[in-house]
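In: Provided below for reference: sequence and predicted model.
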Amino acid sequence: MDHPEYLHHMGIDVWHERKVAPADENAAAWKDLKARVEACTACPLHKTRTHAVFGVGNQQADLLLIGEAPGQQEDLKGEPFVGRAGQLLNNILRAINLNREDIYIANILKSRPPGNRDPLPEEVTACTPFLLEQIALIKPKLIVSLGRISAQFLLNTTTPLGKLRKQEFHYSEMKIPLLVTYHPAYLLRAPLEKRKAWEDWQLIRDRLKEN
Ligand code: URA
């Protein structure tokens, strides 16, 4: 008689931690959305991309990070934030006890702008309906905009990023709490800003704990 069975015969209930995530009832919607992104030709960027970069992570995550657009490494691999900025993002996440599998990571654009130039307004208009569908499926408890392009689109503002940090916004009629921080690629170019970014990430960590 093995140990748990012995306890059972003594009338002692043994509780096991559930390791299996509940089945995602939106699995079919996710599959359909990903197929539409991969087949999308709504803007000229589809002609120069290697892969569409859909998004990655836990589709039922509490935290959704939204960046700008794929760079070269992301375009080659088909996954967001896998280049140098992605390594820095992984380190930041580790510092607040999170990893990529706990959260969901997406971008404003699903295709790489040539030479990593800023997304054009018409590209943002063509691509963001996909992101809005992702947000509606995930229903995160917190959205974090990484950088100006993401923050200004989601908040429908032209206010500079520095003025959007450290305030809690509410995204759309879903009223999802939204915080803004520097893009990791900017932190690679301006390492002195890392101190301010760390303040933002502490706020993000504390805000997640409240949920
Ligand atoms: N920068 C972004 O905004 N997104 C990526 O996926 C990679 C770099």
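Out: Sure, I can see it.
In: where along the chain do the helices fall?
Out: 3-9, 27-38, 45-48, 72-77, 84-95, 121-138, 148-154, 161-164, 184-189, 194-210 (DSSP state H).
In: quick one, which of these is nearest to residue 106?
Out: helix 121-138 (5.5 Å; Cβ to Cβ). To be clear about C-beta, it is placed using only N, CA and C from the backbone, and glycine gets the same treatment.
In: Quick check: mean pLDDT of that closest one?
Out: Mean per-residue pLDDT for helix 121-138: 98.
In: residues of stretch 93-103 that come out buried?
Out: For stretch 93-103, the neighbour count (16 or more other Cβ atoms under 10 Å) marks 93, 98, 100, 103 as buried.
In: Quick one: closest of the helices of the chain to residue 62.
Out: The closest of the helices of the chain to residue 62 is helix 194-210. By Cβ to Cβ, the value is 6.2 Å.
In: What lies in contact with that closest one?
Out: Applying Cβ atoms under 8 Å, 6 or more residues apart in numbering, the contact partners of helix 194-210 are 62-63, 92, 95-97, 141-142, 144, 165-166, 168, 177, 179-182, 187.
In: do stretch 69-77 as well
Out: Contacts for stretch 69-77 (Cβ under 8 Å, 6+ apart): 49-51, 53, 80-83, 85-86, 107-113, 116, 119, 149, 185.
In: can you tell me which of those are in strands?
Out: Mapping these onto strands (DSSP state E) picks out residue 107.
In: so which of the contacts of stretch 69-77 also contact the ligand?
Out: Near the ligand, judged by Cβ under 6 Å from any ligand atom, the entries from the contacts of stretch 69-77 are 80, 81, 85, 107, 185.
In: Many thanks, have a good one.
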